[in-house]
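[1] build the 3D model from these lines:
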Amino acid sequence: MTATAVRVDRGEPARTAPWLLASALLGTAARIAAGVLWLNEGILKYRAGFGSADILLVAQSAAGNSRVPFFFRPLGALMQAAPGLFGVAIPALEAALGVLLVLGLGRVLTAITALGSIATLMLYWSSDQLIAQYPAMVLLSAAVLALPWSGRVGVAWWWGRRRTRTPRPR
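    Below you'll find the model as predicted:
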């Protein structure tokens, strides 16, 4: 018997503690909400034709902005040197974060994805590119990290249950 299960009586199967189930469901809702917002960002950029001109605009506005911290300067220079690469990579990164968060591929990968989400949003924030949903996305990603079972209910969980239910043909 694990710490996540509570045995009710002898002969009865173990069941999940109510607080753990509530934590998993709340974390799952936060994970999916953050994932949908990331997917929306990535798809919006693809549909709008986001590209090198947009990257150059961000890099140039960050270069002359006193609110942009010193640690963004090397990345801003890299963005100016390879705007085409960043013009493709940024929407792809956003869409990938969204897909990974929505799918919920286990506890570890979900935590890594939530950390990547927060890091990306902090990078946007430090370049003075803040829109209304970024703080909400940071809070949702932080909730995913704070609730360690956020990645449990997802594709990995579904796949594990499916594999244990169906006997393998011999």
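
[2] all helices of the chain, in order?
    18-48, 52-63, 73-81, 83-103, 107-126, 133-146, 155-165 (DSSP state H).

[3] reformat those helices as TSV; add mean pLDDT.
    TSV is the format used below for these (pLDDT from 0 to 100):
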stretch	mean pLDDT
helix 18-48	92
helix 52-63	92
helix 73-81	92
helix 83-103	96
helix 107-126	93
helix 133-146	95
helix 155-165	73
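
[4] in CSV, list those helices along with mean neighbour count.
    Glycine gets a C-beta too; all of them are placed from N, C-alpha and C. Listed next are these as CSV, based on neighbours: other Cβ atoms under 10 Å:
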stretch, mean neighbour count
helix 18-48, 18
helix 52-63, 16
helix 73-81, 14
helix 83-103, 19
helix 107-126, 18
helix 133-146, 19
helix 155-165, 12
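
[5] what about the nearest residue to Ala33 once chain neighbours are set aside, distance to Arg31?
    Counting by Cβ to Cβ, 6 or more residues apart in numbering, Leu140 is the residue found nearest to Ala33 once chain neighbours are left out, at 5.3 Å. According to Cβ to Cβ, to the nearest Å, Leu140 and Arg31 sit 8 Å apart.
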